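Asks: What would the 3D arrangement of this be:
(chains A and B)
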2 protein chains.
Amino acid sequence: MTQGQAESYRILHEADLRDYLAGRPKLVAALGGGPDEWSITEVGDGNLNLVFIVKGALGGVAVKQALPYVRLVGESWPLPLSRAHYEYLALTRQAQLAPGLVPTVLHHNDALALTVMELLEPHIIMRKGLIAGTQYSRFVDDITTFMARTLFFTSDLALTAAEKKEGIAAFAGNHALCKITEDLIFTDPYRVAEQNRWTAPYLDATAAGLRDDMELHVAISRLKLKFMASPEALIHGDLHTGSIMVTDSQTQVIDPEFAFYGPMGFDVGAVIANLLMAYFASSGHERSPDERRAFEGWVLETVEQVWTEFARKFLELWRKDAAGDAYPVSLFPGEKGAARLEAERQAYMQRLLGDTVGFAAAKTIRRIFGLAHNIDFELIEDPHKRAVSEARAVRLARAMMVETGAFPAIADVTSAARKLRDWTPELSN
Amino acid sequence: MTQGQAESYRILHEADLRDYLAGRPKLVAALGGGPDEWSITEVGDGNLNLVFIVKGALGGVAVKQALPYVRLVGESWPLPLSRAHYEYLALTRQAQLAPGLVPTVLHHNDALALTVMELLEPHIIMRKGLIAGTQYSRFVDDITTFMARTLFFTSDLALTAAEKKEGIAAFAGNHALCKITEDLIFTDPYRVAEQNRWTAPYLDATAAGLRDDMELHVAISRLKLKFMASPEALIHGDLHTGSIMVTDSQTQVIDPEFAFYGPMGFDVGAVIANLLMAYFASSGHERSPDERRAFEGWVLETVEQVWTEFARKFLELWRKDAAGDAYPVSLFPGEKGAARLEAERQAYMQRLLGDTVGFAAAKTIRRIFGLAHNIDFELIEDPHKRAVSEARAVRLARAMMVETGAFPAIADVTSAARKLRDWTPELSN
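Replies: Prediction:
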């Protein structure tokens, strides 16, 4: 499947891409018709890459090519093409572990940093659906299967220590992508940084408060260290609702270019943070008071189920597929041993919930004060209204990060969110 | 310095070794005289390798060659030669970070898994000195400098995340040596395993008790997971008193073939465990009652100072050489920030002490019930007397591992040790 390693990198514009695809019989067959009849459209709305949709008489494909710089910022911010290699590695691993929940890779070219995948149609980016107030009935089951299986089967609970170390080494070179997270999520929002922005002037005092909040800085620094030095499992690394494509009957996780061996709570926390932001943004999208209450109820229920179903599935895998070197069952013989190991499994999940709550908070704050914002909030046109939604999310996030122990169950998170639904923040000006 | 990569591996016996060294002008110059005049003696008393001392008219060298199997067990237990590569990598890194505290490497050959080092003379293995009741006045200062510098400068506090990931990847291949630790320290002593042994019959009930102690099994499993999945720094990985060579004025750390990125507390805990075992063994070596009381007092004082001086030096480095990505100083501005960061540094050291106490306990129990024992205990000829010393050490270790929180300061460890000095254990038969 991997071809053309000897080729050298060049950016493929439409005509080049057509020629390139026309030279791959398998892709020609999938598209159907003559290359001249294919429609090619650049649709990348992410921060980093070129994305083309190519359609032929028989079918379509999505083509993703990495650029040697951050698309959102430009050539002044170079970024290694090797991320396409890691994305491909992660995609193929995820496809083995969570079949049907990631797009099928049809072709990959490391030298061109290019991957051709099945076209997901009529899927939309989940974030857009949430902004429209759509409820997705498959989502909880699919995303918790994805997370439970990809995280469990790449952890010390399922792998030998040797396999685990090989995996860590295989992804160690993806450090430039990790560095983006380290800077933009775990550092910049808490200090003066050129790329920070927020809904000014309303959140000026809140932003200043975060920069002055030393308890928060200790908490974010502990999370940063955990992100850097806790290779618990192969994580997606960017699992927000913009990396998930949905229909009512399907969920597909895309864009794992930030993948590396990191803390599991970072992925679970990303999903939960983005649901919580959808919740707090929701009232900003109302056309009439309370019209989205049912949707908001569904979102909070989904937050709870994401954790409880993830934990249930992860524990189920642990009980039956624990082939790894951690917690050897031979140390927990008989009924007494089994009971003690089960209690330890629960304690393990409790620690993982703590990590999840902390990382969810970090993912929230960066979207309101850092470089990359969410359209959940950005599409609230009235900046005062937007700031109110954002301030509610930040208030919860600050508590989740600094007083993580006050959220021993996921219901403590959702009940705090519910209480903040109509809280009136003090805003600047 | 690295030569002969194209050569293929063969075990160098005396005559081969003489020819090999004779072909290296730098080594010939260091030894002096003609190769025929060199004395070559095999002295390896470790568990894994061949070690030769070669002496010529002008000087001597030590030659270490890895065997493709575990020397202690034989060819039935194969072990990769690549460990010599990792040992060489670690030795050269340690030499940069802690100059003067590791032997100078004169020559290394990866294909032959062979390293030639300066001959340490008149140094002896520290463990032997401790058994003889010798106090080493340089030890605390040297070993704490070694640990503080090698651990700090390979941690996230001193390295960028990219440098750290490169280091982790460079040592990831040393997993076969890690596996020995995972099995022999963190697993086998707590279950029925062919290679286990203990001072029978006296410790039969104690051994059975450990195998039945589910709280202990949870604690050792947590430590095992930390060992496998917490790449905090480049650790020596086998830092017992048999890996330390001493004179009264010099300390040299040798044999880092178990080196990899792991938890710092494993190294600090190894030193402390081996001092505690020297302490508990001491009364077994008395020729008259209480003749070694002064030595024993020195050992416990040394335990305390190893922790306090290590912590002091580590913190000092953190305060002035924090070039790493963790805990960025820019998040802790002004007096308020500095004070909060300093409090967090103390909290970090407190967590590290907890790890140290736990790992020290694990290192103790494996030496009494696992495959590899210590001559501290083994040289106590009377097995009943030996079992008494061992039982005291085990009682402390069990508490340290399961009730780690009951040892918030290193003085809590030494005072517990002091109380157990004359405790009479119940032994089998």
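
Asks: who are the neighbours in contact with A:M126?
Replies: A:M126 makes contact with A:136, A:139, A:241-242, A:244-246, A:251, according to Cβ atoms under 8 Å, 6 or more residues apart in numbering or on different chains. All C-beta spots, glycine's among them, are computed from the backbone N, C-alpha and C.

Asks: again, 6 Å this time
Replies: A:241, A:244, A:246 (Cβ atoms under 6 Å, 6 or more residues apart in numbering or on different chains).

Asks: Where do the strands of chain A begin and end?
Replies: Here chain A has its strands, by DSSP state E, at A:39-42, A:49-55, A:60-66, A:69-70, A:74-78, A:105-109, A:114-118, A:124-125, A:233-235, A:244-246, A:251-253, A:260-262.

Asks: per-residue confidence at the residue lying closest to A:A411 once chain neighbours are set aside?
Replies: Spatial nearest neighbour of A:A411, excluding adjacent residues (Cβ to Cβ, 6 or more residues apart in numbering or on different chains): A:E304 at 6.2 Å. Per-residue pLDDT puts A:E304 at 98.

Asks: Chain neighbours aside, what residue packs nearest to the closest residue to chain B within the stretch 301-429 of chain A?
Replies: For the stretch 301-429 of chain A and chain B, the shortest gap (Cβ to the nearest Cβ) falls at A:R340, measuring 3.9 Å. In this structure, A:R340 finds its nearest non-sequential neighbour in B:M214, 3.9 Å apart by Cβ to Cβ, 6+ apart.

Asks: looking at the strands of chain A, which is buried most?
Replies: Greatest average neighbour count among the strands of chain A goes to strand A:233-235 (a mean of 27), per mean count of other Cβ atoms under 10 Å in any protein chain shown.

Asks: Quick check: which ranges of chain A have low pLDDT?
Replies: A:1-6, A:46 (pLDDT under 70).

Asks: what does it have sitting close to chain B?
Replies: Applying Cβ under 6 Å from any Cβ of the partner chain, we find that chain A lies next to chain B at A:156, A:161-162, A:165, A:169, A:172, A:175, A:178, A:182, A:187, A:190-191, A:214, A:217-218, A:221, A:225, A:228-229, A:326-328, A:330-331, A:337, A:340, A:344.

Asks: Excluding chain neighbours, what is closest to A:H85?
Replies: Leaving aside its chain neighbours, A:H85 sits nearest to A:D110 (5.2 Å; criterion: Cβ to Cβ, 6+ apart).

Asks: any idea how far the one you found lies from B:K165?
Replies: As judged by Cβ to Cβ, to the nearest Å, A:D110 and B:K165 stand 20 Å apart.

Asks: Then A:F295?
Replies: 41 Å.

Asks: repeat for A:Y202
Replies: 40 Å.

Asks: Those two: which has the busier surroundings?
Replies: Set A:Y202 next to B:K165 and count neighbours by other Cβ atoms under 10 Å in any protein chain shown: B:K165 wins out with 27 against 22.

Asks: Go ahead and confirm that one touches A:N174.
Replies: No. Using Cβ atoms under 6 Å, B:K165 is not in contact with A:N174, being 8.3 Å away.

Asks: Need the overlap of contacts for these two.
Replies: By Cβ under 6 Å, 6+ apart, B:K165 and A:N174 have no common neighbours.

Asks: Can you give me the domain boundaries for chain A?
Replies: Domain ranges of chain A: A:14-118, A:124-420, per automatic domain parsing.

Asks: Ranking these by mean neighbour count, which comes first?
Replies: Ranked by mean neighbour count under mean count of other Cβ under 10 Å, these are led by domain A:124-420, which reaches a mean of 20.

Asks: measure that domain end to end?
Replies: End-to-end distance of domain A:124-420 (Cα to Cα, to the nearest Å): 29 Å.

Asks: same thing with stretch A:126-135?
Replies: Start-to-end, stretch A:126-135 (Cα to Cα) is 10 Å.

Asks: That stretch: how far from the chain's middle?
Replies: Centroid separation for stretch A:126-135 versus its chain: 16 Å, with Cα atoms, centre = their mean, to the nearest Å.

Asks: Confirm for me that the residue of the stretch 301-429 of chain A closest to chain B is in contact with B:E215.
Replies: No. Taking contacts as Cβ under 6 Å, A:R340 lies outside contact range of B:E215: 7.6 Å.

Asks: follow-up on the earlier one: export the domains of chain A to JSON lines and tack on distance to B:F369?
Replies: As requested, the domains of chain A are arranged in JSON lines below (distance: least, Cβ to Cβ, whole Å):
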{"stretch": "domain A:14-118", "distance to B:F369": "38"}
{"stretch": "domain A:124-420", "distance to B:F369": "14"}
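
Asks: nearest to B:G44, of those?
Replies: domain A:124-420 (26.4 Å; Cβ to Cβ).

Asks: can you give me how far the closest one is from the chain middle?
Replies: 8 Å.

Asks: if I look at the residue lying closest to A:L157 once chain neighbours are set aside, how far off is B:S221?
Replies: Spatially, and ignoring its direct neighbours in sequence, A:L157 is nearest to A:G324 (4.6 Å; Cβ to Cβ, 6+ apart). A:G324 is 12 Å from B:S221, where distance means Cβ to Cβ.

Asks: Repeat that for A:L89.
Replies: According to Cβ to Cβ, A:L89 and B:S221 sit 30 Å apart.

Asks: Not counting sequence-adjacent ones, nearest residue to A:I368?
Replies: A:E390 (4.7 Å).

Asks: Show me what the residue lying closest to A:Y88 once chain neighbours are set aside is bridged to.
Replies: Nearest residue to A:Y88, sequence neighbours excluded (Cβ to Cβ, 6+ apart): A:H108, at 4.7 Å. Beta-bridge pairing for A:H108 (DSSP bridges): A:T2, A:T115.

Asks: my guess is A:H108 contacts A:M117, does it?
Replies: No. Assessed by Cβ under 6 Å, A:H108 is found out of contact with A:M117, at 9.2 Å.

Asks: Which parts of the stretch 101-250 of chain A are helices?
Replies: All helices of the stretch 101-250 of chain A, identified by DSSP state H, counting those that start in this stretch, fall at A:126-131, A:139-152, A:161-171, A:175-184, A:204-211, A:214-229.

Asks: possible to save the ones you listed as TSV with distance to B:F377?
Replies: Shown next, in TSV, are the helices of the stretch 101-250 of chain A (distance: least, Cβ to Cβ, whole Å):
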stretch	distance to B:F377
helix A:126-131	62
helix A:139-152	41
helix A:161-171	29
helix A:175-184	46
helix A:204-211	56
helix A:214-229	36
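
Asks: closest one to A:A22 among these?
Replies: So among the helices of the stretch 101-250 of chain A, helix A:175-184 is nearest, using Cβ to Cβ, at 31.7 Å.
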